[in-house]
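Participant: mind folding the following:
(one chain, ligands or ions: 1)
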Amino acid sequence: MLISEIFYSLQGEGELTGVPSVFVRTSGCNLRCNWCDTPYASWNPEGEQFEVPEIVARVQTHGAAKHVVLTGGEPMIAPQIHELAFQLKEGGYHLTIETAATVPPRGIACDLASLSPKLAHSAPDARLDDIWRAKHEALRRQPAVIAEWIAWCADYQLKFVVSSEADVAEIETLLRETECAVPPHKILLMPEGTTLETLRARAAWLSELCKARGFRYAHRLHVELYGNKRGT
Ligand code: SF4
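Facilitator: Predicted coordinates for the structure are as follows:
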């Protein structure tokens, strides 16, 4: 499978923020978010081919790590992702799968499903042709697939990238369409942005919005600690 990078860092987003984790980033994505912060794994997929045992061996070189994050790109379109998840679970790791929830779990091993459905503001601009833009729009929003993940995985979080207050109405509509009773603290709102200035400007109103609605505010620790750099 095509792997963009394998690295050891602190989880920067979500319920496990700060937990030392090995990140396995698959390369390739079925979406093209305009503001994608990992274009080397989506818009222009790069990487090297690895077999599952090689990936597991790389993960094991980080002896203190008990947590592994499968991320992308979109890890759920990577061939052998089910086998990789199974082997990592068998190895005793806590496994998070970070996915845009456009592909159902189909029995994948997982401890935390980190579901990040994409909102309307993710639509790609004129850099892409109409075919890709239509594909993005058709795939990005799949309430039934979100519901499958929630039903399947032992734990989950719904993580939304938010760029304006108007996004909340779209989030609430999508949640209703999942027909799942999602507690507000499982809904994480994360400011869109890859610089500290942008994150802090959006954090000012987003944190207040979370307090008003009961949602969880989600920062980006890795940007705070390291800046928007690969391998962090
Ligand atoms: S789903 Fe994630 S990896 Fe894929 S284009 Fe969107 S932000 Fe990038």
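Participant: strands of this structure, start to end?
Facilitator: Here the chain has its strands, by DSSP state E, at 2-10, 20-26, 48-49, 67-71, 94-99, 112-115, 155-162, 187-191, 216-217.
Participant: in its sheet, what does the second one sit against?
Facilitator: Going back to what we said before, that points to strand 20-26. Strand 20-26 pairs in its sheet with strand 2-10 (antiparallel), strand 67-71 (parallel), by DSSP bridges.
Participant: what's the pLDDT at the residue nearest to the spatial centre of the chain?
Facilitator: The C-alpha lying nearest the average C-alpha coordinate of the chain belongs to Glu98 (Cα atoms, centre = their mean; 3.7 Å). pLDDT, Glu98: 98.
Participant: same question for Arg200.
Facilitator: Reported pLDDT for Arg200: 87.
Participant: can you count the residues close to it?
Facilitator: The local packing of Arg200 (other Cβ atoms under 10 Å) involves 13 other residues. (Each C-beta comes from the backbone N, C-alpha and C, glycine too.)
Participant: can you say which of the strands of the chain is nearest to Glu137?
Facilitator: Closest to Glu137 of those, according to Cβ to Cβ: strand 155-162, at 16.5 Å.
Participant: the closest one and the ligand in contact?
Facilitator: No: Strand 155-162 stays clear of the ligand (Cβ under 6 Å from any ligand atom), getting no nearer than 7.7 Å.
Participant: what's next to that strand, contact-wise?
Facilitator: In this structure, residues lying in contact with strand 155-162 by Cβ atoms under 8 Å, 6 or more residues apart in numbering are 13-15, 35, 111-119, 122, 146, 149-150, 167-168, 171, 175, 182, 186-192, 202, 206, 218.
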